[in-house]
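Colleague: Dropping a prediction and its sequence here:
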Amino acid sequence: MKIGIINPGAMGISIAASARTAGHDVYWAASGRSAATTQRAKAQNLRAVGTIAELCAVCEVMLCICPPHAAEAVARAVVGAGFRGLYCDGNAIAPKQAQAIGESLEAAGVGFVDGSIIGPPAWKTGSTRFYLSGPAAARIAALFAGTVTEAVVIGEAVGKASALKMVFAAQTKGFTALLSAIQGAAEQLGVREDLDREWARRDPDVAEQRVNQVRNVTGKAWRFAGEMQEIAATFEAAGMPPGFFEAAHEIYQRMARFKDAEDTPELDDVLEALTS
């Protein structure tokens, strides 16, 4: 099977590597991509073509793993390039957006599978699940048989895989945003050291763990910001208040300046970004 990957970032390259392990030829569109992306693709022996149009002409299956804000534009580009195979959106987007993308692709004669990834980049067994839903979900799952990417079909309804990602990330990434806001407020109110002491009374290690949790999310905050907007839309559609995740979006937006930082910033630098 000839599979196209859009795009081979930190997560996408691991999914591409699993597909290669299963014996498939995996292609990517190299035109205009960064040196880091090119290096990742070469390291995993992906086959390079120039443009998205060339990728669509070569491949039977397209896997899209990109930042949430780009999901709709990528789908439009694939349709515009004349792709008529099977397209899997593996992005962290709201169920309604997944359904809208699916409808637009199917109207153009493209098969669609809703997907979501829970876990870190898939480099070891048991770490990462690729949840899939839609009538053709089993076809995508079969591409990863025998690999470290555990592909799990959870139904035929498009939007179900995205819904699972949204509610899962609401807890994991949402909590980190809340923790960041708590640290920022404590700093501004002059009680951060007192807060750390109180946390340590319950667990000696918890203060350091929470500091590191905030520091370590900074490099991904630019991407999580868009994900919080998708979660807010998901909660609103489900009749739940979206405001917490709208605030979490703002928290991650304030951290986005650390995207290309060479080193993990110190907590004081993160709090300055949050409160300045």
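Modeller: Cool, got the structure. Numbers count the residues shown, from 1 in each chain.
Colleague: Following element in sequence after the top strand by length along the chain, please.
Modeller: As assigned by DSSP state E, the longest strand anywhere in the chain is strand 111-118. Following strand 111-118 in sequence order, the next helix or strand is strand 128-133 (DSSP states H and E).
Colleague: Averaged pLDDT, that following strand. What do you get?
Modeller: The average of the pLDDT scores along strand 128-133 is 98.
Colleague: Show me what counts as buried in the next helix or strand after it.
Modeller: Later in the chain than strand 128-133, the nearest helix or strand by DSSP H and E is helix 137-142. Buried residues in helix 137-142, counted by 16 or more other C-beta atoms under 10 Å: Ala137, Arg139, Ile140, Ala141. Every C-beta, even on glycine, is put in place using the N, C-alpha and C of the backbone.
Colleague: Closest to Ala225 out of those?
Modeller: Of all the buried residues of helix 137-142, Ile140 has the smallest distance to Ala225: 27.8 Å, by C-beta to C-beta.
Colleague: check contacts around that closest one.
Modeller: Val61, Leu63, Leu86, Cys88, Val113, Gly115, Leu132, Ala151 (C-beta atoms under 8 Å, 6 or more residues apart in numbering).
Colleague: how about the last one, what does it touch?
Modeller: The reference is to Ala151. Contact partners of Ala151, counting by C-beta under 8 Å, 6+ apart, are Arg129, Phe130, Leu132, Ile140, Ala141, Ala142, Leu143, Phe144, Ala145.
Colleague: could you measure the third one against Gly126, distance?
Modeller: Separation of Leu132 from Gly126 (C-beta to C-beta, to the nearest Å): 18 Å.
Colleague: just Val110 next, same as before
Modeller: Counting by C-beta to C-beta, the gap from Val110 to Gly126 is 33 Å.
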